[in-house]
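Student: Build the 3D model from these lines:
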Amino acid sequence: MDALLIAARTLHFAATASLEGVFAFWCFVARPAFRNADAVPLEGRLDRQMLVLAWASLFVAVVSGVAWLFIVGSQMSSIPLAAILPQGVLNIVLTQTQFGQDWRLRGLLCIVIALCLALQGRAWKRASSWLGLIASAAFVAALAWAGHGAAAEDVPWDGIHLPADLLHLIASGAWLGALPALALLLVVARRDDRPQWLEVARVATSRFSVLGVTCVATLTVTGIANTWFLAGSVPALIGTLYGQLLLVKVALFVAMVAIAHVNRNRLAPYLERIASEANIRARAIRRLGRNALIEATLGFLVLAIVGIIGVLPPGLHTEPVWPLPFQFDFNEIGAGAQTLLEVATVLFVVCLAAGAIAANNKRYRGATVALAGLVIFGGIGLLALRPGIARAYPTSFYAPTQPYAAPSIARGAPLYFANCAVCHGASGEGNGPLAATLSIRPADLTEEHIFAHSVGDIFWWVSHGRDDGVMPGFADKLTPDQRWDLINFVLARASAKQADATGSSVTAAAAPAVPASPAPFAPISDSAVGVTTWPTSISGISLAIGTRYSAMLAFSICPRSS
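Tutor: This next block holds a predicted model:
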């Protein structure tokens, strides 16, 4: 079912973009080009081909949109596709869901677009082209209510998400959808030896370049905003399927921009040459058309990725599986090194921009100097960053599935005594009955060092053991939720010990993490160590303001052995 939905979404995105692109090309590129070149009689030939493209796009958009609607109805109702109509599911989806209401509006827009296409051969075709552009842009923009942007919460900044999504869709349709139309015009211009076509190709390429730059700028700004809302962290970008596909999409977008740059700065100027260089201009037109088709193909791949990520949960809503063996811990970098890193980063970016500008202007000496700056400042940045490089695990950026609160800690206490106390000791100080028999002394789980590790790292060690081969993993004995309960217990007890050691002076050190809603516990029988332990008194629950503790509530579980 997901494969069918992805296929329907991809075809629908491509068809709707093509529709908007045809009208945008008519309004902003083709009609002005023919008018400026005094080649209006030649316009009908291109219009006929563009009408075929537009009607085909409308047909695919309608068919794929209906398929998308049926698949969503089947998923919502858990009813097979064949039974959607007989059981009235389609009517419910159309009338009682936001998705259905959006599709009803888009159905009306399809009718308006069809009328505008039917009027293209009439005297009022220019007015119908502008109306068709508005309707097709609305047709594309309405897809935002079928995506993640429509689910943004009513909180500050989230209100930007939906407008950014709307602009992103409109800009992508105008640029990507107009590329096939540009390729059509260039093919016709190359095959027709009349001089008017050369002027049409020159003006059309120049005007399309302005349209493309505007759309690319809009896509860049809105794409950054959408990425922030849906995958606003490095782990979410490189550690989730959603983020990885988003990076592939960005790479394809960069490739398209690079091709557009070649068209604008390398090929388009050849169309300005004098008539004696007609062969050069013909080759430029051929290469421009070929590049437009390559851009359109890359654009279709981008839309295919959009079709896939639309059925995935956003990166920020997925546990990232960190793919690298290292991570950067900026807390380990000294203040001086951090300043050096910041300065080196700024200068690296400046050199990168200067090098790009110099290369674009064919100032190769300046580009060489910028490249040397990249090497120098990149090396300085890496040296400053080196102390912050730390070992990482696939779960390093996991978030706990169990909240750091009293109920979770209460559930973790018996798990600790049943599985960990035999080595780490009932008190957690690394003095369990088996500690003396081990080649490496078990860690003291009450010391401050435990807070230097992310909970994701600790989860990995509890699940898979340590690299030293002494500590075993418990993934086969404890469920993920139980492992988080166990970690919460260990952290709560370590926080309590650190709180007990707090003096009356105020320091810059962070206070131990405080669990929510502390409450006393019942005694725990621990068969693993043969003792009955009490997660005490809440000797560890302390509210201190001013003299002994500095605005901190500490929760402690300090077991006593009988």
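
Student: Name the spans of the stretch 351-500 of the chain whose pLDDT lies under the cut-off.
Tutor: In the predicted model, the stretch 351-500 of the chain carries pLDDT under 70 at residues 500.

Student: what bits of the stretch 51-200 of the chain have low per-residue confidence?
Tutor: In the stretch 51-200 of the chain, residues with pLDDT under 70: 122-123, 147-159, 193.

Student: which SS class is the closest residue to P480 other than its chain neighbours?
Tutor: Nearest non-adjacent residue to P480, counting by CB to CB, 6 or more residues apart in numbering: T401, 6.3 Å away. Any C-beta I mention is one placed from the backbone N, CA and C, and that applies to glycine too. Three-state call for T401 (DSSP: H, G, I helix; E, B strand; the rest coil): coil.

Student: Check the burial of T401 by counting its neighbours.
Tutor: 14 (other CB atoms under 10 Å).

Student: quick one: the closest residue to H464 other than its chain neighbours from Q402, how far?
Tutor: Distance criterion CB to CB, 6+ apart; nearest residue to H464, sequence neighbours excluded, is G473 at 4.1 Å. Relative to Q402, G473 is positioned 19 Å away (CB to CB, to the nearest Å).

Student: do W145 as well
Tutor: 35 Å.

Student: swap in Q98?
Tutor: Q98 is 33 Å from Q402, by CB to CB.

Student: So for these two, which sits in the more crowded spot?
Tutor: Using other CB under 10 Å, the more surrounded residue of Q98 and Q402 is Q402, with 19 against 11.

Student: What residues of stretch 217-225 count as buried?
Tutor: Using 16 or more other CB atoms under 10 Å as the burial criterion, the residues of stretch 217-225 that qualify are 218-219, 222-223, 225.

Student: Take that stretch, keep the C-alpha atoms, and write them as CSV.
Tutor: Written as CSV, here are the backbone C-alpha positions of stretch 217-225 (Å, rounded to 0.1, in the frame of the first residue of the first chain):
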residue,chain,number,x,y,z
ALA,A,217,16.0,31.9,-3.9
THR,A,218,12.5,31.2,-2.6
LEU,A,219,13.2,27.4,-2.5
THR,A,220,16.4,28.0,-0.6
VAL,A,221,14.9,30.2,2.1
THR,A,222,11.7,28.1,2.5
GLY,A,223,13.6,24.8,2.3
ILE,A,224,15.8,25.9,5.3
ALA,A,225,12.6,26.8,7.2
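
Student: Any idea how far that stretch is from the middle of the chain?
Tutor: 13 Å (CA atoms, centre = their mean, to the nearest Å).

Student: Need the contact partners of that stretch.
Tutor: 160-161, 164-165, 167-168, 170-172, 175, 250, 253 (CB atoms under 8 Å, 6 or more residues apart in numbering).

Student: Would you mind checking which of those is nearest to F13?
Tutor: Closest approach to F13 among the contacts of stretch 217-225 (CB to CB): S172, at 8.6 Å.

Student: check contacts around that closest one.
Tutor: Applying CB under 8 Å, 6+ apart, the residues near S172 are 17, 140, 215, 219, 302.

Student: Kindly indicate the member of those with the most neighbours.
Tutor: A17 (31 neighbours).

Student: I'd guess that one is in a strand, am I close?
Tutor: No. Using three-state DSSP, the secondary structure at A17 is helix, not a strand.

Student: From T368, how far off is it?
Tutor: Counting by CB to CB - A17 and T368 are separated by 41 Å.

Student: go on, I376?
Tutor: Per CB to CB, I376 is found 13 Å from T368.

Student: do A174 as well
Tutor: Counting by CB to CB, the gap from A174 to T368 is 38 Å.

Student: Could you do F139 as well?
Tutor: Taken as CB to CB, the span from F139 to T368 is 50 Å.

Student: Looking at the two, which is more packed in?
Tutor: Neighbour comparison, F139 and T368: the larger count goes to F139, with 27 against 13 (by other CB under 10 Å).

Student: So which elements touch the helix or strand where the more buried one lies?
Tutor: Secondary structure from DSSP states H and E places F139 in helix 125-141. In this structure, helix 125-141 packs against helix 2-25, helix 98-118, helix 161-191, with contacts taken as 3 or more CB pairs under 8 Å, 6 or more residues apart in numbering; DSSP states H and E.

Student: What are the buried residues along it?
Tutor: Buried residues in helix 125-141, counted by 16+ other CB under 10 Å: 125, 128-129, 131-141.

Student: ok, back up a step: now, among the contacts of stretch 217-225, which is nearest to A260?
Tutor: W175 (8.8 Å).

Student: contacting residues for the closest one?
Tutor: 21, 211-212, 215-216, 219, 299.

Student: Just the residues you listed: which are in strands?
Tutor: The members of the contacts of W175 all map outside strands under DSSP state E.

Student: Can I get these in TSV including distance to P32 and pLDDT?
Tutor: TSV is the format used below for those (distance: CB to CB, whole Å; pLDDT from 0 to 100):
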residue	distance to P32	pLDDT
G21	16	94
L211	11	92
G212	15	90
C215	17	93
V216	20	92
L219	23	92
G299	23	91
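
Student: Let's see if you can find the most crowded of these.
Tutor: Most surrounded of these: other CB under 10 Å gives G21, at 31 neighbours.

Student: State the distance from the closest residue to it other than its chain neighbours to L303.
Tutor: In this structure, G21 finds its nearest non-sequential neighbour in G177, 2.0 Å apart by CB to CB, 6+ apart. Distance of G177 to L303, given as CB to CB: 10 Å.

Student: Can you work out which residues contact both of the two?
Tutor: Residues touching both G177 and L303 (CB under 8 Å, 6+ apart) are A17.

Student: who's more crowded, those two?
Tutor: G177 (28 against 22).

Student: ok, that one - contacts?
Tutor: 16-22, 24.

Student: please redo it, this time with the cut-off set to 10 Å
Tutor: By CB atoms under 10 Å, 6 or more residues apart in numbering, the contact list for G177 reads 14-25, 53-54, 57, 136, 140, 296, 299.

Student: repeat for I487
Tutor: 400, 402, 404, 408-409, 412, 415-416, 450, 455, 458-459, 461-462.
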